[in-house]
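**Student:** From the sequence below, what's the structure:
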Amino acid sequence: LLKEKIDFAKANFQKSGLSNIVLLEGEASNILENWNYGEIDFVFLDADKENYGKYLDLLLPKMKLGSLIVADNINDFGHMMEDYLQRVK
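**Tutor:** Numbers count the residues shown, from 1 in each chain. From the prediction side, this is the model:
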C-alpha cells in the first residue's frame, strides 16, 4: 500500500464534504472476498493492473444495477489489463 496515496485520498474526501465515501485500505482481493458493506454503486479502480479482471469478477456480484466502475490507467497501461478490457467491451 502506498501511504501517501491513501493520505492524499483521505484529504480529498474530507475536502469534498461528502459523508458517504468509504476508503478501504488493504489488499483488494482480500477486501472484496470478505465484503460485508452492502451493495456498491461506484468504484474507482486503481490497483495492480494485471488483476483488474479478477477484481471485476469480485466486484460485479456486489454492485447495484446501474453502478459505475471507473478504471484508472486504461490508456497508459491497457496492455497490462487485456482480460479486463475484453470483458468490459
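**Student:** What average pLDDT does the top helix by length along the chain get?
**Tutor:** As assigned by DSSP state H, the longest helix anywhere in the chain is helix 3-16. Averaged across helix 3-16, pLDDT comes to 92.
**Student:** Quick check, pLDDT for the spatially closest residue to Glu50 that is not a sequence neighbour.
**Tutor:** Once flanking residues are discounted, Glu50 sits nearest to Met80: 5.3 Å by CB to CB, 6 or more residues apart in numbering. C-beta: built from backbone N, CA, C; applies to glycine. Met80 carries a pLDDT value of 75.
**Student:** same thing with the one 3 residues further on?
**Tutor:** At Asp83, the predicted lDDT confidence score is 78.
**Student:** and what of Phe44?
**Tutor:** Listed pLDDT for Phe44 reads 88.
**Student:** swap in Arg87?
**Tutor:** pLDDT recorded at Arg87 is 80.
**Student:** Please list all residues in contact with Val88.
**Tutor:** Counting by CB atoms under 8 Å, 6 or more residues apart in numbering, Val88 touches Leu56, Ile69, Ala71.
**Student:** typo on my end, it should be Ala9
**Tutor:** Counted by CB under 8 Å, 6+ apart, Ala9 has contacts Leu23.
**Student:** thinking again about what came up before, which of the contacts of Val88 fall in helices?
**Tutor:** Mapping those onto helices (DSSP H) picks out Leu56.
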